[in-house]
Each structure stands twice: as structure tokens, then as C-alpha cells.
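Asks: A structural model of the following input is requested.
(2 chains)
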There are 2 protein chains.
Amino acid sequence: MFKKISIFGVGLIGGSFALALKKAGVVDKVIGAGRRMETLERARQLGIIDVASNSVAEAVVDADLILVAAPVAQTEAILASIAPHLQPGTVVTDAGSTKGDVVAAARSALGDKIAQFVPGHPIAGREQNGPEAAIVDLYVGKKAVLAPLPENTEESVERVAAAWKHCGAIIHRLSAEEHDRVFAAVSHLPHLLAYALVDDIARKPHADLLFQYAASGFRDFTRIAGSSPEMWRDISLANQTALLSELDAYMEQLTGLRALLARQDGQAIEAVYANAQRARHNWIKTIEAAEQQNKQGGD
Amino acid sequence: MFKKISIFGVGLIGGSFALALKKAGVVDKVIGAGRRMETLERARQLGIIDVASNSVAEAVVDADLILVAAPVAQTEAILASIAPHLQPGTVVTDAGSTKGDVVAAARSALGDKIAQFVPGHPIAGREQNGPEAAIVDLYVGKKAVLAPLPENTEESVERVAAAWKHCGAIIHRLSAEEHDRVFAAVSHLPHLLAYALVDDIARKPHADLLFQYAASGFRDFTRIAGSSPEMWRDISLANQTALLSELDAYMEQLTGLRALLARQDGQAIEAVYANAQRARHNWIKTIEAAEQQNKQGGD
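Replies: This is a model prediction of the structure:
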């Protein structure tokens, strides 16, 4: 049970977190904090938060839990503004898509209060943004990854885990480094690749002709290139090391495939395609089985 | 109005063509031809074809129109089997995903009857295959690309165009070379890239961990890697020249992005991402407007 939860950045992520906790009946008061009172006021009118505040002190004092859910580039500044008001009983977490940079920012901003910060990353999203996009069941059956620091007490980690569990999420633990390597491969690289393809096509002199014949396969492949360029610029930079390493591995893979294609090695090309198809098929089966289990668990 | 249409390969593509023409009431008799009588018999029981035949002569003689809708690698052999029976009044077309190789195969197989062959490519598909997957409205509002040869009479081209129009398709004309360059960019390359990514991840020692965290963005990005490896091996090889050229351009693009990322040039990275997002947004708007128009036209 939480007496006071404060959320810095009441958009899709922070707003859905608030809605889910309210629905679960586990929080007395939710404070929305941020720079734009207009957005906070909308969130309040939507019933997402109880109080809209542009005073960091007011938001931080006596909070059981603080979630930082603003764009990653703002994390350090927000944590630095929180630090002077942070009391020993408060646990702070975040929802950023990268963790190594957030940990560095938190160490720099929070100093000797770093043990109170438990890095987190809920794996959920929608195309829309802002408080209007917040929905109560965004996290149901989704993963919430926690990347605890050596300094964290188990009690602090459990407090963050409990909140996400009340949202319906399934808790996973990874180190910040593991987290960043994993998401570089399965999320950050695919985004870069999709953006690169659409930009490549859009710059060709006959781009209009090309887009005219692009069909549903292209639409799905490039869906993630419809995401916010600012957000993905920040993620790419924040996870630079792991992303460069995944990109290099992928370019090596493409160089290999190019050689197979150049020498018309149909058997080897088919082996790559078939391995991919099989792996994807097994992955989809695993997902579907897990979804089935979640549904049954929820009944 | 067609008295007799013969279809070599009664699967999703050929079967849906037959169903649509029957529904439009523009064909007296549809013959299904192929090597597997079992498949043809199923197609007959499903009401897709009127006659199942494993005699090429029977299928070809007196046909107004012949559609070859078998896997591309079989096109030349099928056309060669058709050639000796082909009468002057018959027009032959195909549904292959590549056109340069099909034209070469047709010239070799049909010899001085080449004027009777009008290359085609309906831009439609589903994940399923076989006659059971055939649906009457597969082509409604979709593009059917014709790539007429210099030898074709306008009357032959129009006969093929009329059939596709009766299926609800919108006719486009491209040269075989244009066709192959366009589809290398918007279809064949994305398939290769998606296969390459999934294979790359599947071969890593921690593949299981990676797949565990792959989410909906990855699912959409790699959907096309669920396609038939044999079919896409054939397409990759058939369109080798154009595909290599698109792959090279893309790898150059990735090399450029890699350099931006290595030197942390956030502004330039954002420019690429934003250009892609904008281009995709405009493309989606165009598609949606066209879909709207088709719907209104259909009312």
C-alpha cells in the first residue's frame, strides 16, 4: 500500500502507471510533477493524478515512491532537482529505454543517495503519447525489467516490483549492462534499420514510384520508423556502445549474405532464410503460449 | 467474357483469381492444371475450378487465357510444356514476383510465340498457401502490374488487364526492368533484411534471452521473415542484379549512420530518423486516401 506516489512526466507511461495503481486501490494520493502545468492539469482532469504540482519539493517530500517517466534526456536534470528534497524513506525509479546511461546520470545526480534509486524499464508502449494516451491496462501481462544497483536494498527493489506487479506486469531482473545489450539487439537496432531503409528510399530520385508499390510487408517492416525521431535519437546515443556492436554484427551478416547472393549460392541463402523463419516461428509459439497462460492466470 | 481460362498452379494466387472471375460471371469454364492431381481435386471440390486436368494439351487447347501461378522456379518448364499446344488465339500471363527472369524464361520456352505472353504480377498475398487459402476478394483494390513486351499486341495486353480488372484490381504498367528495380527496393530487400536480422539473433549464444525480450516492434519488423524460405530464395536469385544494387545502397546508408553514431552526431542522426518518419507518414496518408477512394468507388 502506497500513501503517496509522485510521477515526473505524466504521459503515456507515467499516466498508465498511475491509472493502474489507482484501479488496484493501492495508492492514496498520486502527485503529477513536471514543467508544463497545462499537461498536468489535463492529467488531473482525466483522473490520472490527484494533484498537479510544479513544485519539486512538494512532489518529493513524504513520497513512498517516485517514478521518473519523462524523456530520457531529462532524467539527470530531474533527478538532480529531486536530490535535495529526497528523504531516506523514499524510493525512486524510472522507465527509461536504456539503463547504463540512466545509472550514470543517477550516480551523478543523487550522489550518496544512489541506494534509493532502482532503475527500471517497463516493456510496453503505444503509438500515441501524452496523458490522453494513458490506459489502465497498458502493463497487464507485459514485462517490467528492473536493473537493481549493488547499493539497493532488497526492500527498495521489492517496493518498485510491487508497484509494477499491481499494474499487472511481470517482473524481470537484468543488470543494466545486460539490459542494454539485449535491447540494442531486439529493439534499438531494428529501429535504426527501419529508419535507415525508409530514409534511403525517400532520398532516391524515384522515391514516389517506389512508395507507390510498397505494400503490407513494407508497412509492417517500417512501422517502427513511425516512432518519435527525438526519442530514438536519444536512445541511440544513450546506448551507443551496445548499438554499435549490434550494428557491426548485422553489417557483417549482410556482407556474408551479399557474398552468397553474388555467387548465387541458393542453398546457403535458403539455409539463412529457413533458420530465421524457424527461429521466428518458435518465438511466436512461445509468446502465444505465454499470452495464453497470462489469460488463464487472469481469469 | 472468357469461354475457357486455364490456371497452372491452383494455390492462393491462381485460386483467388479463379474465384473472383467466377463471381464476376465472366468465365464459362476454369481448368486447373498442374502436377499434383490431389491438389487440383481439392480445388475442384472447393468450387475454385470446374475441371482438374493433368493433361497440358487439354488445358491449353482453346483457352482464351492461361495464367501461370506456380512457384517462379517452375515457370520456364511450364511455359515449355505449354508451347507445343499453344494456338494463336490464346494469351498467356503469369503472376511471378520478378519479371526480368520470367521474360527470359518465356523467350526461351515460347520462341516465336513470345508475343502471346504478357508478363504480370498481382501485388497481393496472404500468409497461407494452397487452394484452401484462396479467397474471392484477394485482389480487390490491389495493384496488378503488367510488364508488356514490345512484341505484345495491345489486344493481348488488354485481355489480361480485363481479367485482373474483373478481379477488382487496379492495373499498372511498368517495364520488366522497372518492375524489378522497384520491388527489389520495397519488397525483396526488406525480406532479406528481416531474415538476416532474425538469423543473426538466432545464432547468438544468448539467443533465448534476446527473444525473451523481443516485443511488438520486433514482431512487426520481422513478420516478413515468416515467409517461405524457398520462395524468397528463388526471388532473391531471380532478381539478383537489382537486389545486390539495393543492398549495396543500403549498406552504404548503414555505414553512414554508423559513422554518425560513432561520433555521437545527434543532430544528423535525428535528421535521418525524422526524414524517414516524415516520408513514412506521408506514404501512409497517401495509402489511406487511396483506400478511402477505392471504398467510395466500390459503393
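Asks: what's near enough to touch the residue sitting furthest away from the middle of chain A?
Replies: Distance from the centre of chain A peaks at residue A:263, with 41.7 Å (C-alpha atoms, centre = their mean). Applying C-beta atoms under 8 Å, 6 or more residues apart in numbering or on different chains to residue A:263 gives no contacts. (C-beta placed from N, C-alpha, C; glycine too.)
Asks: And for residue A:243?
Replies: Residues in contact with residue A:243, defined by C-beta under 8 Å, 6+ apart, are A:184, A:188, A:189, A:192, A:236, B:261.
Asks: Can you tell me which of those residues is closest to residue B:209?
Replies: Closest approach to residue B:209 among the contacts of residue A:243 (C-beta to C-beta): residue A:184, at 12.6 Å.
Asks: So what's the residue count around that closest one?
Replies: 24 (other C-beta atoms under 10 Å in any protein chain shown).
Asks: Which residue, other than its chain neighbours, is closest to it?
Replies: residue A:242 (3.7 Å; C-beta to C-beta, 6 or more residues apart in numbering or on different chains).
Asks: That neighbour against residue A:189, yeah?
Replies: No: using C-beta atoms under 8 Å, residue A:242 makes no contact with residue A:189, being 9.2 Å away.
Asks: So these two - more neighbours on which side?
Replies: residue A:189 (26 against 22).
Asks: That one and residue B:196 touch, don't they?
Replies: No: the pair residue A:189 and residue B:196 fails to qualify as a contact (C-beta under 8 Å) at a distance of 11.3 Å.
Asks: Need the overlap of contacts for the two.
Replies: In contact with both residue A:189 and residue B:196: residue A:250, using C-beta under 8 Å, 6+ apart.
Asks: related to what we said a few turns ago, tell me the SS of the residue nearest to residue A:184?
Replies: Classification of residue A:242 using DSSP: H, G, I helix; E, B strand; the rest coil returns helix.
Asks: For it, give its distance to residue A:236.
Replies: Using C-beta to C-beta, to the nearest Å, residue A:242 is found at 10 Å from residue A:236.
Asks: which residues do these two both contact?
Replies: Residues touching both residue A:242 and residue A:236 by C-beta under 8 Å, 6+ apart: residue A:188.
Asks: re the thing from before, contact partners for the residue nearest to residue A:184?
Replies: Contacts for residue A:242 (C-beta under 8 Å, 6+ apart) come out as A:100, A:180, A:181, A:183, A:184, A:188.
Asks: and it, what pLDDT?
Replies: Note on residue A:242: pLDDT of 97.
Asks: and it, how far is that from chain B?
Replies: 11 Å (C-beta to the nearest C-beta, to the nearest Å).
Asks: go on, residue A:58?
Replies: 33 Å.
Asks: where's that residue, which helix or strand?
Replies: Element membership for residue A:58, per DSSP states H and E: helix A:56-60.
Asks: buried stuff in that helix?
Replies: By neighbour count with 16 or more other C-beta atoms under 10 Å in any protein chain shown, helix A:56-60 contains the buried residues A:56, A:59, A:60.
Asks: strand partners of the very next helix or strand once past that helix, parallel vs antiparallel please.
Replies: Once helix A:56-60 ends, the next helix or strand along the chain (criterion: DSSP H and E) is strand A:65-68. Strand A:65-68 has the following strand partners under DSSP bridges: strand A:2-8 (parallel), strand A:91-94 (parallel).
Asks: buried set for the first one?
Replies: In this case it means strand A:2-8. Those would be A:2, A:4, A:5, A:6, A:7, A:8, for strand A:2-8 by 16+ other C-beta under 10 Å.
Asks: swap in stretch A:42-61?
Replies: Those would be A:42, A:43, A:44, A:48, A:49, A:50, A:52, A:53, A:56, A:59, A:60, for stretch A:42-61 by 16+ other C-beta under 10 Å.
Asks: re earlier: closest to residue B:280 out of the contacts of residue A:242?
Replies: Lowest distance from residue B:280 to these (C-beta to C-beta) belongs to residue A:188, with 18.3 Å.
Asks: thought the closest one was touching residue A:237?
Replies: No: the pair residue A:188 / residue A:237 is not scored as a contact, 10.5 Å apart, by C-beta under 8 Å.
Asks: more neighbours, those two?
Replies: Each of residue A:188 and residue A:237 has its neighbours counted (other C-beta under 10 Å); residue A:188 has more, 24 against 20.
Asks: Which residue, neighbours along the chain excluded, lies closest to the more buried one?
Replies: residue A:243 (5.1 Å).
Asks: Can you read off the pLDDT for the residue of the stretch 1-150 of chain A found nearest chain B?
Replies: For the stretch 1-150 of chain A and chain B, the shortest gap (C-beta to the nearest C-beta) falls at residue A:123, measuring 5.4 Å. Residue A:123 carries a pLDDT value of 94.
Asks: Then residue A:129?
Replies: Model confidence at residue A:129, given as pLDDT, is 82.
Asks: likewise residue A:72?
Replies: 84.
Asks: isn't it right up against residue A:95?
Replies: No: applying C-beta under 8 Å, one finds residue A:72 not in contact with residue A:95, separated by 9.2 Å.
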